[in-house]
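Q: quick one: sequence plus predicted model below, questions after.
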Amino acid sequence: MIDTNSLNFEKGDGLIPAIIQDANNFQVLMLGYMNKKALEKTLEEERVTFYSRTKQRLWTKGESSGNYLDVVNIQQDCDDDTLLILAKPQGPTCHTGEQSCFHQKDFKPKKDLHFLNDLEELIISRKKEMPEGSYTTSLFNDGIDKIAQKVGEEAVETVIEAKNENHSLVDEVSDLIYHLLVLLVEKGVPLQKIVQNLEKRHGK
C-alpha cells in the first residue's frame with residue numbers, strides 16, 4: 001500500500017500529518033499525526049493509529065469509543081511528508097459525536113453519486129444481518145435466480161418507460177440501479193470494481 005521508508009519523517013521532527021477522508025463520500029473527517037511506528041501499526045492492523053502529541057504515545061482512533069477508522073487506501077503527497085488516508089469510519093469520528101471534526105453547521109459534503117456507495121454499504125449490511133421485514137432481505141433469501149429476474153424485469157420496464165416518454169422513467173431507472181446493486185452484492189462484486197473497469201475502458 002505504501003513504503004514507510006519513502007516518507008520524510010525528519011522534516012516534522014519524526015511526525016507527519018495524516019488527513020483522514022471518508023472513503024464513502026470523501027468528507028474530510030480529521031487530521032492527526034503519525035510517526036513511523038504509528039504508520040507501521042496502521043498498515044499492519046488496517047486501522048488508523050496516530051501518535052498522540054499530548055499523551056506521548058501511539059493512539060489507535062476508536063480504542064476507547066469503538067469508533068475505529070478502517071483503512072481503505074493510503075497515499076503520500078508529492079513531497080513525501082503528508083499522508084491522505086481513505087477510511088471507513090465505524091461511527092462518529094469527532095469526540096463531540098459529529099461525523100467529522102470539521103462539522104460547521106453551514107457545511108454539508110456534496111454526495112451526488114457517492115450516495116451509491118452508501119446504498120451499497122446498506123445492501124451489504126442487509127445481507128450480513130438479514131433483518132426481518134426488509135425487502136432486500138427477501139431478495140437475498142430468494143437467491144440469485146430471483147435477483148437476476150428482478151434486474152431483467154426492471155430493465156424491461158425502464159425501456160418501456162423510455163419509449164413511451166412517461167414520467168416514471170426516473171423511478172424505473174432507480175429500481176433498476178437498486179436491483180443491480182443487490183445483484184453485485186450477491187455475486188461479491190464491489191461497485192468500485194465496475195467503476196474501475198469503466199475508467200479503464202474510457203482510457204482506450
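A: Yes, it's here.

Q: quick check: phi and psi at Val72.
A: phi -110, psi -40 (degrees, to the nearest 10).

Q: go on, Leu69?
A: Backbone torsions of Leu69, given as degrees, to the nearest 10, read phi -120, psi 110.

Q: relative to Asp22, how far out is Asp118?
A: Distance, Asp118 to Asp22, by Cβ to Cβ, to the nearest Å: 10 Å. To be clear about C-beta, it is placed using only N, CA and C from the backbone, and glycine gets the same treatment.

Q: the more surrounded of these two?
A: Asp22 (21 against 12; other Cβ atoms under 10 Å).

Q: could I have the helix of greatest length in the chain exported to PDB, CA atoms only?
A: Counting residues, the longest helix found in the chain (DSSP state H) is helix 144-164. The C-alpha trace of helix 144-164 is given here as PDB (Å, rounded to 0.1, in the frame of the first residue of the first chain):
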ATOM      1  CA  ILE A 144     -29.600 -15.300  -7.400                       C
ATOM      2  CA  ASP A 145     -32.200 -16.500  -9.900                       C
ATOM      3  CA  LYS A 146     -34.900 -14.200  -8.400                       C
ATOM      4  CA  ILE A 147     -32.500 -11.300  -8.100                       C
ATOM      5  CA  ALA A 148     -31.400 -11.700 -11.700                       C
ATOM      6  CA  GLN A 149     -35.100 -12.000 -12.800                       C
ATOM      7  CA  LYS A 150     -35.900  -8.700 -11.000                       C
ATOM      8  CA  VAL A 151     -33.000  -7.000 -12.800                       C
ATOM      9  CA  GLY A 152     -34.400  -8.200 -16.100                       C
ATOM     10  CA  GLU A 153     -37.900  -7.000 -15.200                       C
ATOM     11  CA  GLU A 154     -36.700  -3.600 -14.200                       C
ATOM     12  CA  ALA A 155     -34.600  -3.300 -17.300                       C
ATOM     13  CA  VAL A 156     -37.600  -4.100 -19.500                       C
ATOM     14  CA  GLU A 157     -39.800  -1.600 -17.600                       C
ATOM     15  CA  THR A 158     -37.100   1.100 -18.000                       C
ATOM     16  CA  VAL A 159     -37.000   0.500 -21.800                       C
ATOM     17  CA  ILE A 160     -40.900   0.700 -21.900                       C
ATOM     18  CA  GLU A 161     -40.900   4.000 -20.000                       C
ATOM     19  CA  ALA A 162     -38.200   5.400 -22.200                       C
ATOM     20  CA  LYS A 163     -40.000   4.600 -25.400                       C
ATOM     21  CA  ASN A 164     -43.400   5.800 -24.100                       C
END
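
Q: the closest residue to Met30 other than its chain neighbours: what secondary structure?
A: Excluding the flanking residues, the one nearest Met30 by Cβ to Cβ, 6 or more residues apart in numbering is Cys101, at 4.3 Å. Three-state call for Cys101 (DSSP: H, G, I helix; E, B strand; the rest coil): coil.
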